[in-house]
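> I would like the atomic coordinates for the input below:
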Amino acid sequence: MLKEDTIILNDYAYYLSSVSVSIVAFYLAYYVSISKGLNVNKPRNLAKSVTVG
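Numbering: from 1, shown residues only. Reported below is the predicted structural model:
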């Protein structure tokens, strides 16, 4: 059973677009990982991606 969600973004200043896009991207990644059955509180390879520059 699929649950349909709608995200409505009203008019906002162009310099705030990155904030609103990042919030939407966060929720998208959160719900996709939950639907795949992954533990969202334990990301994989986080230490490697943060320390390797």
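
> So in this structure, which helix runs the longest?
Assignment by DSSP state H gives helix 17-35 as the longest helix of the chain.

> Tabulate the CA atom coordinates of that helix in PDB.
Extracted C-alpha coordinates of helix 17-35, given in PDB (Å, rounded to 0.1, in the frame of the first residue of the first chain):
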ATOM      1  CA  SER A  17      16.100  27.700  -2.500                       C
ATOM      2  CA  SER A  18      19.000  25.600  -1.400                       C
ATOM      3  CA  VAL A  19      17.500  25.300   2.100                       C
ATOM      4  CA  SER A  20      14.100  24.100   0.800                       C
ATOM      5  CA  VAL A  21      15.700  21.700  -1.700                       C
ATOM      6  CA  SER A  22      17.900  20.200   1.000                       C
ATOM      7  CA  ILE A  23      14.900  19.700   3.300                       C
ATOM      8  CA  VAL A  24      13.000  17.900   0.500                       C
ATOM      9  CA  ALA A  25      16.100  15.800  -0.400                       C
ATOM     10  CA  PHE A  26      16.500  14.800   3.300                       C
ATOM     11  CA  TYR A  27      12.900  13.600   3.500                       C
ATOM     12  CA  LEU A  28      13.200  11.800   0.200                       C
ATOM     13  CA  ALA A  29      16.300   9.900   1.300                       C
ATOM     14  CA  TYR A  30      14.700   9.200   4.700                       C
ATOM     15  CA  TYR A  31      11.600   7.600   3.200                       C
ATOM     16  CA  VAL A  32      13.400   5.700   0.500                       C
ATOM     17  CA  SER A  33      15.700   4.200   3.100                       C
ATOM     18  CA  ILE A  34      12.800   3.200   5.300                       C
ATOM     19  CA  SER A  35      11.000   1.700   2.300                       C
END
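
> mind listing what's buried in it?
The neighbour-count check on helix 17-35 (16 or more other C-beta atoms under 10 Å) flags nothing as buried. For glycine as for every other residue, the C-beta is placed from the backbone atoms N, C-alpha and C.

> low pLDDT regions in the protein?
Within the chain, the segments meeting pLDDT under 70 span 1-3, 7, 9, 43-53.

> what do you get if the cut-off is 80, keeping everything else the same?
The chain contains residues with pLDDT under 80 at 1-17, 20, 41-53.
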